[in-house]
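In: mind folding the following:
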Amino acid sequence: MKKQLNLFVILLFIVFFINVSVYFVGCDSNSTEKAVKNENEMVGSSRKKSESPAKSQAYLDSIREVEKQREMMSAISDDLLGVYEGTQPKYFDINNQMIPPLFFFFKIGSSKQAELEMATFSNDRYYFSGTYKVLEQDDEKIVLDYSVRGGDERTTYIYSGKNNLPSPITERVGNAITLDYKLTINKKKKTGLATRENYPEFKIKKVR
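Out: Numbers count the residues shown, from 1 in each chain. Sure, this is the predicted structure:
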């Protein structure tokens, strides 16, 4: 009986020792994993900090390059500035009334200034002013969004006097209107097309 009791005590001691060993091994393993994880996080954080300035500079450089390209795309060369003339052909409106031809003089100025002079066969003149912007361009052509407002006054030139010099007579004829045209210009030939929604397109060319 005494031998069996001693054997039982020995077995309990062995089981207790095994459980304690497993517990400390597990704790040590968890501690090691946590230490490795913390070390990796510290290394990663340090790496991010060291890479951050370079990435930030690269990002800023890319932004500057995009802005530079945008400015180049929106700029117009000096040789394209000037006056472009064209004749809009006659057409029939929605009421089937014939609209006679009109003469257009598109002025493309610096600082995106736009001035339009529209003339009739009877030599009546209508003046508009506004702005333009570059929609697109490449090595061959440039496309402008040309928007002007006016036309509420009509100027008629009367030729009289000894030297038959023109005398302008201006009168108000109605409310101001807005004209939106798209001008597509060949950079080399200085010719192109003027288009407006629901109106006939016509050719234009630089005259001065």
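
In: can I take it that residue 59 is in a strand?
Out: No. With DSSP: H, G, I helix; E, B strand; the rest coil as the criterion, residue 59 is assigned helix and is not in a strand.

In: can you name the element that comes right after the helix or strand of the chain with the lowest mean pLDDT?
Out: Least confident helix or strand, the chain: helix 2-74 with a mean of 55, by mean pLDDT, DSSP states H and E. Using DSSP states H and E, the helix or strand that directly follows helix 2-74 along the chain is strand 82-88.

In: go through that following strand and flag the buried ones.
Out: 83-86, 88 (16 or more other Cβ atoms under 10 Å). Bear in mind the C-beta positions are built from the backbone N, C-alpha and C, glycine included.

In: tell me the one of those residues nearest residue 191?
Out: When these are compared for distance to residue 191, the smallest value, 8.4 Å, is given by residue 84; criterion: Cβ to Cβ.

In: contacting residues for the closest one?
Out: Residue 84 makes contact with 105-106, 108, 183, 185, 190, 192, 194, 204-207 under the criterion Cβ atoms under 8 Å, 6 or more residues apart in numbering.

In: if we use 10 Å, what do you get?
Out: In this structure, residue 84 makes contact with 104-108, 146, 183, 185, 190-192, 194, 203-208, judged by Cβ atoms under 10 Å, 6 or more residues apart in numbering.

In: same check on residue 152?
Out: With contacts defined as Cβ under 10 Å, 6+ apart, the neighbours of residue 152 are 126-128, 172-177.

In: if you rank those by neighbours, which is first?
Out: Per-residue neighbour counts (other Cβ atoms under 10 Å) across the contacts of residue 152 peak at residue 128, which has 23 neighbours.

In: does that one belong to a helix or a strand, and which?
Out: Taking DSSP H and E as the criterion, residue 128 maps to strand 124-137.

In: that strand: partners in the sheet, and parallel or antiparallel?
Out: Sheet partners assigned to strand 124-137 using DSSP bridges are listed as strand 113-119 (antiparallel), strand 141-150 (antiparallel), strand 153-160 (antiparallel).
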